[in-house]
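> no FASTA, just this:
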């Protein structure tokens with residue numbers, strides 16, 4: 001399988017009329033374009049995709065990081081145990097290198113595991 005070269009993201013903004021403005025693609029390293037987008041939309045209700053695109057359009061090939069969201073409303077230690085078990089399976093069965101796993105406390109009831117695209 002050929003590796004998809006990606007270095008572009010999609011920006012979006014929620015407009016005052018409730019409609020979403022999408023399909024604004026920029027190079028990931030073009031901070032000026034991102035800043036211009038933020039200023040144009042008063043730094044309010046702006047979003048970026050998690051997808052990384054091969055071209056500057058929505059029909060381009062893209063890849064996404066792998067996200068896991070493990071929650072337990074009433075039992076945070078159970079969510080932590082499930083997170084550790086899933087990490088073990090990713091390491092042992094999917095052969096994902098330990099340094100590739102990103103772990104985050106989600107701030108309320110669980111944890112996030114992210115496996116980046118690269």
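Perfect, I can see it now. Because the structure is predicted, anything quoted here is derived from the model rather than measured.

> and the residue nearest to the spatial centre of the chain, what helix or strand is that in?
Among the residues of the chain, the one closest to the centroid is residue 50, at 3.5 Å (Cα atoms, centre = their mean). In the assignment (DSSP states H and E), residue 50 maps to no helix and no strand.

> contacting residues for it?
Going by Cβ atoms under 8 Å, 6 or more residues apart in numbering, residue 50 touches 64-65, 67. Heads up, the C-betas are built off the backbone N, CA and C, glycines and all.

> Could you give me the buried positions within the biggest helix by length in the chain?
Using DSSP state H to define each element, the chain has its longest helix at helix 76-92. Of the residues in helix 76-92, 79, 82-83, 87, 90 count as buried by neighbour count, 16 or more other Cβ atoms under 10 Å.

> Stretch 22-42 too?
Buried positions in stretch 22-42, judged by neighbour count with 16+ other Cβ under 10 Å: 24-26, 33-34, 37, 41.

> residues contacting the closest residue to residue 97 other than its chain neighbours?
Nearest residue to residue 97, sequence neighbours excluded (Cβ to Cβ, 6 or more residues apart in numbering): residue 91, at 7.9 Å. Remark: with contacts taken as Cβ under 8 Å, 6+ apart, residue 91 is in contact with 97-98, 101.

> and which of these is nearest residue 11?
Distance ranking of the contacts of residue 91 against residue 11, using Cβ to Cβ, places residue 101 first at 27.5 Å.

> per-residue pLDDT, that closest one?
If you check residue 101, the pLDDT there is 91.

> hmm, back to that, can I get the buried ones among the contacts of residue 91 as something I can paste into ChimeraX?
Only the buried entries of those go into this ChimeraX selection, using 16+ other Cβ under 10 Å:
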select :101
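
> Can you find the helix or strand in this structure with the smallest mean pLDDT?
Scoring the helices and strands of the chain by mean pLDDT, DSSP states H and E places strand 62-63 at the bottom, with a mean of 74.

> which secondary structure elements does it contact?
Counting contacts by 3 or more Cβ pairs under 8 Å, 6 or more residues apart in numbering; DSSP states H and E, strand 62-63 packs against strand 52-53.
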